[in-house]
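Student: Sequence and predicted structure are below.
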Amino acid sequence: MQALGGPEVEGRAGRSPGMRDFALRSGPEQAGPRGPEIAAAVAAAPLARPERGASANPSGGADVVFTYSYVSWQAAAARGWFMPEDRLARALVDHERIGRLLVADLMRSLPAKLARDSVARVRGGSYPFPSSDRVKLVSPVRMRREYPTSIPAIERACARYERVLRREAEAMGMSRPAVITANPLLAGFGRFGWAGPVTFFATDDWLAYPLHERWWPAYEESFRLVRERERRVCAVTAAALERIDPSGPALVVPNGLDPSEWEDPAGEPPAWAGEARRPLLLYVGSLDSRLDIPALGALAAALPDAEIALVGPLLDAAHLAPLAAHPNVSIHPPVGREEVTALVRSADVGLIPHVSSELTRAMSPLKLYEYLAGGLPVVAADLGPVRGVSEAVTLVQAGGGYAKGAKAALRRGRSAEEERIAFIAANSWQARQGALLDLALD
């Protein structure tokens, strides 16, 4: 089942196909293939064409339409609001700069929606949207279970979706609202003649995901239209921005942290963490081909008294199978947000043992920020989005060096509490979202 050209992931609350983990530097930066040109474009306002800025309503805040990529409000809540589009949607609901807000789920197939809603009611997994006279959620549906891959058919699908957005926005009294979309197809194929400025929130390098290969030609065409229509682009990494190559205002805004998750006293980690060998070397994230399995095997062999715990959805069991030869490597299923924070704060070293690929070079690993928010020293593959984030990160060249890096990290130890709190404050979601709204609304 697909929506707007990609797999529907409503039922997989843990990871979406584009749920890359993020990281970059501690503040937004202008970046991309044209460097200074893009920086100048951000400063240049108003834009050419009719996109002159978000309309304001009588309350003084901006009218905004926000659309998810391939998830919904329910899925975002179920996975703990930990991805950038999740955090943004929730923040917009009561943000001081927002007047009226329309949040739009992905367009789901009606049979799938009915089935999932029924399961959610039985399991008690429903997360009510805080509707009011100024905030509304719309969940468009379609009858087809499969979404097309041809560009003409995708154009028609985007047009249908856009008609729903326009109808609902006008019903709320909006006039030329700003549009912020995380969907890589709607960003270009949407015409939005009825709206104000359109901003593509690029939370992934969508052209680097094998799961989306059928839609790569459509993504390429959508990005061409983003350039042609001079749409605004906010990307989580410079590599993701360069892939889009925007001609209009653009910004790189990395991942962030929710201070309330990391400043409060730590909770209880999963029971297995208390029984694990020490030191505990932790990886939290998708368990798939992004992991450098030979490097992890070498690390396990070099530190036989340490526990290497890999926590997350096992998406490629065959890829990780060689690790079964190492008794000090353990694989654990995903845990909830509270357990993630407790686990990070109970571990000794955070690991990011990624291979170098188009996918990982465009990632900004959320785990990096969370390790550092928990005070962990980090050993990570030397990839662009990881560089320069913190002195507590030891970078490892592709193909080796993790044992040496882990030993250095253990000698370094956990960050001082004041350093940890300062890092959290400097990398909060509030600061990140403010930069994005500056781009989208001005």
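Tutor: Okay, I see it.
Student: The nearest residue to Glu96 once chain neighbours are set aside - how many residues pack around it?
Tutor: Excluding the flanking residues, the one nearest Glu96 by C-beta to C-beta, 6 or more residues apart in numbering is Gly61, at 7.2 Å. Bear in mind the C-beta positions are built from the backbone N, C-alpha and C, glycine included. For Gly61, the neighbour count with other C-beta atoms under 10 Å is 18.
Student: give me every residue that touches Gly61.
Tutor: His95, Glu96, Arg97, Ile98, Gly99, Arg100 (C-beta atoms under 8 Å, 6 or more residues apart in numbering).
Student: Could you report the distance from it to Pro177?
Tutor: To Pro177, Gly61 is 11 Å away according to C-beta to C-beta, to the nearest Å.
Student: same thing with Glu268?
Tutor: In terms of C-beta to C-beta, Glu268 sits 44 Å off from Pro177.
Student: Looking at those two, which is more packed in?
Tutor: More neighbours surround Pro177 than the other of Glu268 and Pro177, with 28 against 12 (other C-beta under 10 Å).
Student: Report the secondary structure state of the closest residue to the more buried one other than its chain neighbours.
Tutor: Among residues not flanking Pro177 along the chain, Asp63 sits closest, at 3.7 Å (C-beta to C-beta, 6+ apart). Here Asp63 is recorded as strand under DSSP: H, G, I helix; E, B strand; the rest coil.
Student: Just to check, Asp63 is in contact with Arg100?
Tutor: Yes. Under the criterion of C-beta atoms under 8 Å, Asp63 makes contact with Arg100 at 4.9 Å.
Student: who has more neighbours, these two?
Tutor: Asp63 (27 against 24).
Student: Could you report the distance from that one to Leu186?
Tutor: According to C-beta to C-beta, Asp63 stands 18 Å off from Leu186.
Student: Ok, Leu376 next?
Tutor: Counting by C-beta to C-beta, the gap from Leu376 to Leu186 is 38 Å.
Student: same check, this time on Glu338
Tutor: Distance, Glu338 to Leu186, by C-beta to C-beta: 34 Å.
Student: Secondary structure element for Thr394, which one?
Tutor: Per DSSP states H and E: Thr394 is located in strand 393-396.
Student: How is this structure divided into domains?
Tutor: Segmentation of the chain into domains, based on automatic domain parsing, reads 2-256+428-441, 259-425.
Student: which residues touch Phe200?
Tutor: With contact set as C-beta under 8 Å, 6+ apart, Phe200 has these partners: Thr181, Ala182, Pro184, Ala187, Gly188, Val226, Arg231, Arg232, Val233, Cys234, Ile244.
Student: which phi and psi does it have?
Tutor: phi -90, psi 120 (degrees, to the nearest 10).
Student: is it in a bridge, and if so with what?
Tutor: Taking DSSP bridges as the rule, Phe200 bridges to Thr181, Val233.
Student: if we can go back for a sec, please pick the buried ones from the contacts of Gly61.
Tutor: Among these, those classed as buried by 16 or more other C-beta atoms under 10 Å are His95, Arg97, Ile98, Gly99, Arg100.
Student: mind checking the SS state of the last one?
Tutor: For Arg100, the assignment made with three-state DSSP gives strand.
Student: Since that was my last question, I'll sign off now.
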